[in-house]
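**Q** Task: produce atomic coordinates for the following.
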Amino acid sequence: MKSRAALLLLIAPHAFAQAISPIPAAQLNSGTHFQSQTLRTQQADDAQNPGMLWVDIGKQQFAADCVRCHADARTLAPAFPRAQREGAVNLDDAVNACVETKLHRPRLHAESQSLLGFNAYLMHAARGIARKSAETAPSLESTAAWRTGRSIWFARQGKQDLSCALCHDGLWGKTLRNQTISQGHTVGYPTYRTEWQTLGSAERRIRACFFGMEADVPPVGAATLRALELYGAWRGGALPIEAPAVRR
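**A** As a prediction, this is how the structure comes out:
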C-alpha cells in the first residue's frame, strides 16, 4: 500500500506544489527529530557516536595548525555558509582558504578524512549555537547566492518531477520509500550515515538527493550546491548545530 506522501504525488503533484509554504519557526526540527530512538541515543552519547572519530582527527589537526590564529574554535562554524560577492561559501571553502594561504599546502579534497575531520571538529565545537545566517536576514535575502539557492529549492526537476520544497516543506513527517521525510536541515553535518558506513558532508547528501530525483547531479563544489546550502541554512532559522549527527 502506498504511503500518503506517495499518493499525494501521484494524484496532483503540480497542484500540491502550489500549496507549499515555509515551515513556521515554531515547527522547525532537525533531522534528529525524525530518527529512531536507537539512532538518537547513539548520536547523543559521544562514546557511541562514530562521528566522534573524525572529531578527534580534526581536534588534532586544529591543535597543530590552527590554534595560533583561532583561539576559540566555537566561533568558526556558525559563520558558514555565507554569501560573498562571488557567491556562497561554506565551511569547506573557509578551511581550504586557510590551508592554501596560511599553511601553504594543497587544498584538501572533498570528503577526504582531513577535511571531514576539520569540519566535524569545528561543528562539534559549536554544538548548541545557531548559525549566523538566521541573524543576517533580511539582508541575506537580497544576495544573488540566496536567490539562486531559493530558486533551486523550489524548482521541479528530474524524471521524478520533484523539488526540495515538495518533500522537505510539503511532506515532512510523512513516509516515502519506508523512510520518514525530514525537513532537510543540515545542522547535523558532517553526519555519520549507516548507509554510507562513514562520515559525509552536507554536499554529499544534497547530491544524493539530486540522484534520487533522477535529475542532473551538480559536480562536487558547484556554485549551485553552495547556494542551495546557503538557502538551506537560512531556512533552518535558529536551529542549533548538533554535529556530528547519526542518520540511517
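**Q** Okay, helices next: where are they in the chain?
**A** With DSSP state H as the criterion, the chain has helices at 4-11, 13-18, 37-44, 52-65, 91-101, 113-125, 144-154, 164-168, 202-212, 223-235.
**Q** tell me the mean pLDDT for the fifth one?
**A** Average pLDDT, helix 91-101: 98.
**Q** With stretch 107-124 instead?
**A** Mean per-residue pLDDT for stretch 107-124: 98.
**Q** To residue 175, which of the helices of the chain lies closest?
**A** Among the helices of the chain, the nearest to residue 175 by CB to CB is helix 4-11 (6.3 Å). Yep, even glycine has a C-beta here, placed from its N, CA and C like the rest.
**Q** Any idea which residue is closest to the centre of this structure?
**A** The chain has residue 186 as the residue nearest its centroid, 2.8 Å off, counting by CA atoms, centre = their mean.
**Q** which residue packs closest to that one, ignoring adjacent ones?
**A** Sequence neighbours aside, residue 202 is the residue nearest to residue 186 in space, at 4.1 Å (criterion: CB to CB, 6 or more residues apart in numbering).
**Q** hang on, the earlier thing: pretty sure the residue nearest to the centre of the chain is touching residue 230, no?
**A** No. Using CB atoms under 8 Å, residue 186 makes no contact with residue 230, being 10.5 Å away.
**Q** circling back to that earlier point, next, format the helices of the chain as TSV and append mean neighbour count.
**A** Shown next, in TSV, are the helices of the chain (neighbours: other CB atoms under 10 Å):
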stretch	mean neighbour count
helix 4-11	14
helix 13-18	12
helix 37-44	15
helix 52-65	18
helix 91-101	18
helix 113-125	25
helix 144-154	19
helix 164-168	22
helix 202-212	19
helix 223-235	24
